[in-house]
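Student: could you look at this predicted model? Sequence included:
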Amino acid sequence: MSHRLLRLAASCLLVAAVPALAEPAIRVDQLGFAPGARKLAVVEGIEASQPFTVVRAKDGKTVFKGTLGAPARWAPADRMAALADFSPLATPGQYRIEVRGVPASDLFRIDANAYAGLNDAALKAYYYNRASTALDARYAGQFARAAGHPDTQVEIHPSAASPGRPAGTVVSAPRGWYDAGDYNKYVVNSGISTWTLLAAYAHYPQVFKGRDINIPESGNAVPDILDEAMWNLEWMLAMQDPGDGGVYHKLTNLQFDGIVMPAQANARRYMVGKGTAATLDFAAVMAMAARVYAPYEARFPGVPARMRAAAEAAWGWAMTHPDVAYVQPADVKTGGYNDDKFDDEFAWAAAELYLLTGTPAYYQTFERYAQPPGVPNWADVGALGWISLASELPKLPDDAARAKVRDGVTGEAAKLATKWSQSAWRVTMQPQDFRWGSNADVLNQALMLLQGYRLDGDRVQLDAAQSQLDYILGRNPLGVSFVTGQGARSPMNIHHRPSEADGIAAPVPGWLSGGPNPGQQDAKDCGAVRYPSALPALSWLDDTCSYASNEVAINWNAPLVYVSAALQALTPATVEGKR
């Protein structure tokens, strides 16, 4: 059987495992929980509360008894949901949940390192998406492949021309990560992705120090997460025009490649556009990276200073070009990442440059541009500046500034926690939040909840963040763990060129599927392959055709790395506080 047929068979099994609307089912995090985590499952499709038990997998012995909460309808899936809370169960082991008249839940673990493998896999996914290098079998196993896209002969597109680099100039910008399911590289999306990885390390260094995910740089006395991020940072540095400090929007083909491996994708590559969003995103990331890599100067000699200089040069360009929106040229058909609102980018970059330099004018610029923080995404990065400042409160100018930043971040976390507590499914997602990349929204909501917990220690916010990851890992109405290779059922047909073209039945591991998206923008391209539902939380299709619900992307994996590390680092040894 071909790898495509194997994937289709697995996909059919996956769909078959999702019960019909009225069929009762128990939804639980398929990986499990730390002993001190808030542990919730959802029983759907029942009309009245009843007892539940947790049984030990090895012998069926009952280890916990409880009573389900009152069923309530969860609008995004139009399903009844009753909560099973078994938080007091903290003994390590493997378990299932049982409810009379309902099939037993998936197996799950209670383990202090429940998410260590997930975190490693989510980070290792970036290695698998490296451009300009072969993936050796020593590190990639069966996913080894030939090098593609050296990007040492990249042509300046007319849209990116400058006096020092007119159209047709050939420049070099190797390395970096392929952005998503395609083979192009975009500064705007790289910005939030790289920042989130750097923040994961900066906030939880104990999780990453000494961890080996088996990449070529492993064992070099630098945490692997920083080695992996450096692969992309080196490419980003090459995206800056040395003549004026401005930053190109993207390095791309004129059109998307077909379903081929990187080595077979040989179209001419271009530097396209130059704009305020890309330049400020670049400035913010380089300013943060200059701080994060400073202790590793011996391994990267001169690099932190180079990053600082690059950040300041980019800031200078943006100050003289404050409103240059990227406009897609007529002959370019790849991802746009268009953005014409720059207050958030100015606030983020100013915050990062203030923390790097201590120059008061940068903080004043942050105050000028900053809006109350929301949930971050590539097009709205304002919250990232708030998070960085909240992580360095002693560096802020005065008590008023510290109070403002603390209140801004904890206020957003409190709003999300309220949504969680009022949700029948115990997630913060509202019907309107289900859109392209909804799973990243789930995790970025968790990221904001975790900032509140880090500042104020409100256990409700930690519990809500836990629930967000539980949703990703199987406590959703589809009963799917949305991370390839993780859990009892996970996507087999992600929209990701290497996974489709490599001749291997399994997809590249560690990638987060984009998630339910009722917009179904790919329906016309999927032909006879139809979405199972138009309901927001059910509108997902495990098929390569579904770029609107089943693509992968570097900015979606980044909060998965962050949240899985944070829960490992922050979850107390015992369940405490409000429940």
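Tutor: Happy to help now that I have it. Numbers count the residues shown, from 1 in each chain.
Student: and the helices in the stretch 451-579 of the chain?
Tutor: Along the stretch 451-579 of the chain, the stretches classed as helices by DSSP state H, counting those that start in this stretch are 459-472, 497-501, 523-526, 554-570.
Student: could the ones you listed be laid out in TSV, adding mean neighbour count?
Tutor: No exception for glycine: its C-beta is placed from N, CA and C like everyone else's. Output for those, formatted as TSV (neighbours: other Cβ atoms under 10 Å):
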stretch	mean neighbour count
helix 459-472	26
helix 497-501	22
helix 523-526	13
helix 554-570	27
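Student: same list (those helices) but as a markdown table, adding distance to residue 245 and mean pLDDT.
Tutor: Below are the helices of the stretch 451-579 of the chain laid out as a markdown table (distance: least, Cβ to Cβ, whole Å; pLDDT from 0 to 100):
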| stretch | distance to residue 245 | mean pLDDT |
| --- | --- | --- |
| helix 459-472 | 38 | 98 |
| helix 497-501 | 33 | 98 |
| helix 523-526 | 40 | 95 |
| helix 554-570 | 24 | 98 |
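Student: and those: which comes nearest residue 137?
Tutor: Among those, the nearest to residue 137 by Cβ to Cβ is helix 497-501 (14.9 Å).
Student: okay, that closest one in PDB with CA atoms only?
Tutor: Provided in PDB are the C-alpha atoms of helix 497-501 (Å, rounded to 0.1, in the frame of the first residue of the first chain):
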ATOM      1  CA  ARG A 497       5.100  19.600   1.600                       C
ATOM      2  CA  PRO A 498       7.900  17.500   3.100                       C
ATOM      3  CA  SER A 499       5.300  15.300   4.900                       C
ATOM      4  CA  GLU A 500       3.400  14.700   1.700                       C
ATOM      5  CA  ALA A 501       6.300  14.300  -0.700                       C
END
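Student: roughly how far out does it sit from the chain middle?
Tutor: From the chain centre to the centre of helix 497-501 is a distance of 20 Å (Cα atoms, centre = their mean, to the nearest Å).
Student: flag every buried residue along stretch 162-170.
Tutor: By neighbour count on 16 or more other Cβ atoms under 10 Å, the buried set for stretch 162-170 is residue 165.
Student: convert the C-alpha atoms of it to CSV, please.
Tutor: This file holds the C-alpha atoms of stretch 162-170, laid out as CSV (Å, rounded to 0.1, in the frame of the first residue of the first chain):
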residue,chain,number,x,y,z
SER,A,162,17.1,50.6,-3.0
PRO,A,163,19.9,52.9,-4.3
GLY,A,164,22.6,50.5,-2.9
ARG,A,165,20.7,47.4,-4.1
PRO,A,166,18.8,48.0,-7.3
ALA,A,167,16.5,45.5,-8.8
GLY,A,168,18.3,42.4,-10.1
THR,A,169,21.1,42.6,-7.5
VAL,A,170,22.0,39.2,-6.3
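Student: start the count at 643, not 1, going forward
Tutor: Renumbered: residue one is now 643, and that last one reads stretch 804-812.
Student: output the helices of the stretch 1093-1221 of the chain in TSV, with distance to residue 1016 appended to each entry.
Tutor: Shown next, in TSV, are the helices of the stretch 1093-1221 of the chain (distance: least, Cβ to Cβ, whole Å):
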stretch	distance to residue 1016
helix 1101-1114	16
helix 1139-1143	32
helix 1165-1168	29
helix 1196-1212	14
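Student: and these: which comes nearest residue 989?
Tutor: Taking Cβ to Cβ as the criterion, residue 989 comes closest to helix 1196-1212 out of the helices of the stretch 1093-1221 of the chain, the separation being 18.8 Å.
Student: show me what the closest one is packed against.
Tutor: helix 758-770, helix 829-845, helix 847-850, helix 1080-1098, helix 1101-1114 (3 or more Cβ pairs under 8 Å, 6 or more residues apart in numbering; DSSP states H and E).
Student: try it again at 6 Å.
Tutor: Judged by 3 or more Cβ pairs under 6 Å, 6 or more residues apart in numbering; DSSP states H and E, helix 1196-1212 is in contact with helix 758-770, helix 829-845, helix 847-850, helix 1080-1098.
Student: per-residue confidence averaged over the lengthiest helix in the chain?
Tutor: When the chain is parsed with DSSP state H, its longest helix is helix 1041-1063. Across helix 1041-1063, the average pLDDT comes to 98.
Student: the helices in the stretch 643-792 of the chain, which residues?
Tutor: Counting by DSSP H, counting those that start in this stretch, the helices of the stretch 643-792 of the chain are 645-658, 758-770, 779-782.
Student: can you tell me the closest non-neighbouring residue to residue 1181?
Tutor: In space, and not counting its chain neighbours, residue 1181 is closest to residue 1160: 4.2 Å by Cβ to Cβ, 6 or more residues apart in numbering.
Student: before we move on, what about residue 818?
Tutor: residue 877 is the one closest to residue 818 (Cβ to Cβ, 6+ apart), at 3.0 Å.
Student: is it true that the one you found touches residue 820?
Tutor: No - assessed by Cβ atoms under 6 Å, residue 877 is found out of contact with residue 820, at 10.8 Å.
Student: the nearest residue to residue 848 once chain neighbours are set aside and residue 676: what is the separation?
Tutor: Leaving aside its sequence neighbours, residue 848 sits nearest to residue 1211 (Cβ to Cβ, 6+ apart; 6.3 Å). Distance, residue 1211 to residue 676, using Cβ to Cβ, to the nearest Å: 10 Å.
Student: check residue 1122 too.
Tutor: Distance, residue 1122 to residue 676, using Cβ to Cβ: 22 Å.
Student: more neighbours: those two, which one.
Tutor: Taking other Cβ atoms under 10 Å, residue 1122 and residue 676 do not tie; residue 1122 has more neighbours (26 against 23).
Student: dump stretch 1019-1039 to CSV, restricted to CA.
Tutor: The C-alpha coordinates for stretch 1019-1039 follow below in CSV (Å, rounded to 0.1, in the frame of the first residue of the first chain):
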residue,chain,number,x,y,z
ASN,A,1019,-0.7,36.8,16.8
TRP,A,1020,1.5,37.7,13.9
ALA,A,1021,-0.7,40.7,12.9
ASP,A,1022,-1.0,42.0,16.5
VAL,A,1023,2.3,41.8,18.4
GLY,A,1024,1.6,44.5,21.0
ALA,A,1025,1.2,42.1,23.9
LEU,A,1026,4.8,40.8,23.3
GLY,A,1027,6.3,44.2,24.5
TRP,A,1028,4.0,44.1,27.6
ILE,A,1029,5.2,40.5,28.4
SER,A,1030,8.9,41.4,28.1
LEU,A,1031,8.5,44.5,30.3
ALA,A,1032,6.4,42.5,32.8
SER,A,1033,9.3,40.0,33.0
GLU,A,1034,11.8,42.7,33.9
LEU,A,1035,9.7,45.0,36.2
PRO,A,1036,12.7,46.2,38.2
LYS,A,1037,14.1,47.8,35.0
LEU,A,1038,11.1,50.0,34.5
PRO,A,1039,11.5,53.7,35.2
